[in-house]
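Participant: Coordinates only, no sequence provided:
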């Protein structure tokens, strides 16, 4: 299994390197930091613009491979360069990465576990009322884009707050600015702020997983080995959990890495809508500002996270499926 | 447009010349499809929305860009069926126009992405070896490459007619997962008797792919194309919502939702017509896809608990 995981990891590192090179090339050729500086009021002198661009290492007169070489030489030492406003990309990265990871982790973990449970449960109760209700709900959620769900949740929260006359659900940003109180008040405040963004990511993940898990579980339910397991004396519950769910999870592990991509993109939208200062908001903002170094940093982060989830999926796959582990 | 699934089904059946199947396969599939009330309802809704999108602009005397200075933020009335927005544009005219754009983009992306997936997946699976490794690498690369980045960098910089390029970009990043499934199907098809027979009769590899591999994954492709249309519309609206997709003065459901979001509580008609149509369309497409899956693929058909699946 170690050899298998190592082989996959090597492949992912190669993919990552190519992806980072491509991101840099694209960002450096398509974005125009010069135009960003020239559009400033009052217009700066051309010499000043040139000097600033050179200092940031994003001067479009320098050949692309020189710029890339300069950037890469710093990047391998852990320095991701300067943003277009001449602050450190690393500092910005450090500030934002926790925000995004919190959202991604809560959304993915809760979504995956609840989705798989919902899928397995509805498969066992196929065509009962509960199955139909979950099915209708997940179809509705699957037909709602993340951004729309986020907006709808926001509208719902505003209505609820208006109806109750209090700020029960606060959702703008991560915390309430100027909040007084002890540690507990702050923790509660953060949790309340996390609620709606996590819901908008988590609900769709739950819906997706429950649909897939339901169909793989249905395949397993009719299988001979599940009947055998019960025939040799296991209770239905035990047979379902130990033999049924485990087998039904194997196809899901591949799906895990694909779905994580969707979650990541969803998080970009969610952050932008709820005013979270995370990686997604940074990406949207820095594209608007023609900020080459920041864009490359965020897209490299995205590639790392997605590949990491791919590796987790491979490990899960190997752990669940002995045919891979022993091959 | 509403008859597309049937037409595709008939086509898939007639292309399947080599595998001996009863000529009535299309009819069997159609009958199974019609037995799903939800799928039929979904198809009807899709058809209605297409009619609305293409006939709608001719039903009202307002064009999507007209501005009625006498009615700003006015609610639905006989003059403006779905009200007007904050600068006096007719919401009905805008919504049907946006729907039209979103549907065209969705359809285009769905078809293009599925065609690309079929080509890449079938080639990778059939040829194997280095072709497979290379194509798989490209597929994985595009999967991890943030498509959001590419589209949002390139798309706003396109002037006029840019929505076509935008649609092609969406298609460029929409085929990878399907391609991987097609690849694994092609790998097992490669070893089947009829493919071997063709190979020994010196049929060229490209012809084998076109004649034997692709038709045998056609049912999967049809279902996938249906789902792809729905997800393409979702990506399109999401990107347009953030200003990275369809550019003004053109409108799509995404830009309309973006414009209406701020007014959703005070002037709900600016927001809920576009948002509602978006959800209804994607939902209907998903229901059609689900019904097609059950109709085309007997192994995924409704299984009652206790009834075993034929292997």
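Facilitator: Yep, it's here. Just so we're clear, the structure is a prediction, and the values are computed from it rather than from any experiment.
Participant: got the contact list for residue A:34?
Facilitator: Neighbour list for residue A:34: A:49, A:53, A:60 [criterion: CB atoms under 8 Å, 6 or more residues apart in numbering or on different chains]. Glycine gets a C-beta too; all of them are placed from N, C-alpha and C.
Participant: burial of the first one, as a residue count?
Facilitator: The burial count assigned to residue A:49 is 19, neighbours taken as other CB atoms under 10 Å in any protein chain shown.
Participant: contact partners of the one helix or strand it maps to?
Facilitator: For residue A:49, the host element (DSSP states H and E) is helix A:46-56. Outside helix A:46-56, the residues within contact range by CB under 8 Å, 6+ apart are A:33-34, A:37-38, A:44, A:59-62, A:81-82, A:84, A:86, A:293.
Participant: ok, so of the contacts of residue A:34, who is nearest chain B?
Facilitator: Set against chain B, the nearest of the contacts of residue A:34 by CB to the nearest CB is residue A:60 (14.9 Å).
Participant: roughly how far apart are the nearest residue to the closest one once chain neighbours are set aside and chain B?
Facilitator: Distances taken as CB to CB, 6 or more residues apart in numbering or on different chains put residue A:34 closest to residue A:60, at 5.7 Å, once the chain neighbours are dropped. Separation of residue A:34 from chain B (CB to the nearest CB, to the nearest Å): 14 Å.
Participant: Would you check how far apart residue A:34 and residue A:71 are?
Facilitator: 17 Å (CB to CB, to the nearest Å).
Participant: With residue A:121 instead?
Facilitator: Residue A:121 is 50 Å from residue A:71, by CB to CB.
Participant: At which residues are the helices of chain A located?
Facilitator: Using DSSP state H, the helices assigned to chain A run over residues A:2-30, A:33-38, A:46-56, A:64-75, A:89-124, A:129-142, A:146-164, A:183-221, A:224-231, A:236-239, A:246-274, A:279-288, A:292-320, A:322-325.
Participant: could those helices be laid out in TSV, adding mean pLDDT?
Facilitator: Listed next are those as TSV, based on pLDDT from 0 to 100:
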stretch	mean pLDDT
helix A:2-30	87
helix A:33-38	80
helix A:46-56	80
helix A:64-75	84
helix A:89-124	87
helix A:129-142	87
helix A:146-164	85
helix A:183-221	83
helix A:224-231	88
helix A:236-239	86
helix A:246-274	81
helix A:279-288	84
helix A:292-320	86
helix A:322-325	75
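Participant: tell me the SS of residue B:61?
Facilitator: Recorded secondary structure, residue B:61: coil (DSSP: H, G, I helix; E, B strand; the rest coil).
Participant: That one: how many residues sit nearby?
Facilitator: 9.
Participant: now residue A:134
Facilitator: Using other CB under 10 Å, residue A:134 has 20 other residues around it.
Participant: Then the one 3 residues further on?
Facilitator: Residue crowding around residue A:137 was assessed by other CB under 10 Å; the count is 15.
Participant: Over to residue A:72?
Facilitator: Residue A:72: 15 neighbours (other CB under 10 Å).
Participant: show me what contacts the closest residue to it other than its chain neighbours?
Facilitator: The shortest distance from residue A:72 to any non-neighbouring residue, by CB to CB, 6+ apart, is to residue A:24 (7.9 Å). Residues near residue A:24 by CB under 8 Å, 6+ apart: A:68, A:71-72, A:296.
Participant: what's the closest of the residues you listed to chain B?
Facilitator: Using CB to the nearest CB, residue A:296 comes nearest to chain B of those, at 9.3 Å.
Participant: distance of that closest one from residue A:209?
Facilitator: From residue A:296 to residue A:209 the distance is 32 Å (CB to CB).
Participant: before we move on, what about residue A:153?
Facilitator: Residue A:153 sits 20 Å away from residue A:209, going by CB to CB.
Participant: Those two: which is more packed in?
Facilitator: A direct count of neighbours by other CB under 10 Å for residue A:153 and residue A:209 places residue A:209 higher, at 24 against 21.
Participant: quick one: the more buried one and chain B, what's the gap?
Facilitator: From residue A:209 across to chain B, the span is 15 Å (CB to the nearest CB).
Participant: check contacts around the nearest residue to that residue once chain neighbours are set aside.
Facilitator: Spatial nearest neighbour of residue A:209, excluding adjacent residues (CB to CB, 6+ apart): residue A:115 at 2.6 Å. By CB under 8 Å, 6+ apart, the contact set of residue A:115 is A:205-210, A:213.
Participant: can you pick the most crowded of those?
Facilitator: residue A:210 (28 neighbours).
Participant: Residue A:122 is in contact with that one, correct?
Facilitator: Yes: at 6.6 Å, residue A:210 counts as touching residue A:122 under the criterion of CB atoms under 8 Å.
Participant: what touches both of these two?
Facilitator: Counting by CB under 8 Å, 6+ apart, the residues touching both residue A:210 and residue A:122 are residue A:134.
Participant: Now the residue nearest the centre of chain B: closest residue in space that isn't a chain neighbour?
Facilitator: Geometric centre of chain B, nearest residue: residue B:229, 0.9 Å, by CA atoms, centre = their mean. Nearest residue to residue B:229 in three dimensions, chain neighbours excluded: residue B:110, at 3.5 Å (CB to CB, 6+ apart).
Participant: In contact with the one you found, which residues?
Facilitator: Here residue B:110 is in contact with B:225-226, B:228-229, B:232 (CB under 8 Å, 6+ apart).
Participant: go with 7 Å
Facilitator: By CB atoms under 7 Å, 6 or more residues apart in numbering or on different chains, residue B:110 lies in contact with B:225, B:228-229, B:232.
Participant: now the strands: where do they sit in chain B?
Facilitator: Applying DSSP state E to chain B gives no strands.
Participant: can you map out the helices along it?
Facilitator: B:4-15, B:25-34, B:37-59, B:91-127, B:129-144, B:147-154, B:162-172, B:176-190, B:193-200, B:205-208, B:214-216, B:218-241, B:253-261, B:269-296.
Participant: So which of these is the most surrounded?
Facilitator: Highest mean neighbour count among these (mean count of other CB atoms under 10 Å in any protein chain shown): helix B:253-261, with a mean of 26.
Participant: on contacts alone, who are the packing partners of that one?
Facilitator: Judged by 3 or more CB pairs under 7 Å, 6 or more residues apart in numbering or on different chains; DSSP states H and E, helix B:253-261 is in contact with helix B:91-127, helix B:218-241, helix B:269-296.
Participant: closest one to residue B:193 among the ones you listed?
Facilitator: Judged by CB to CB, the one of the helices and strands packed on helix B:253-261 that comes nearest to residue B:193 is helix B:91-127, at 15.4 Å.
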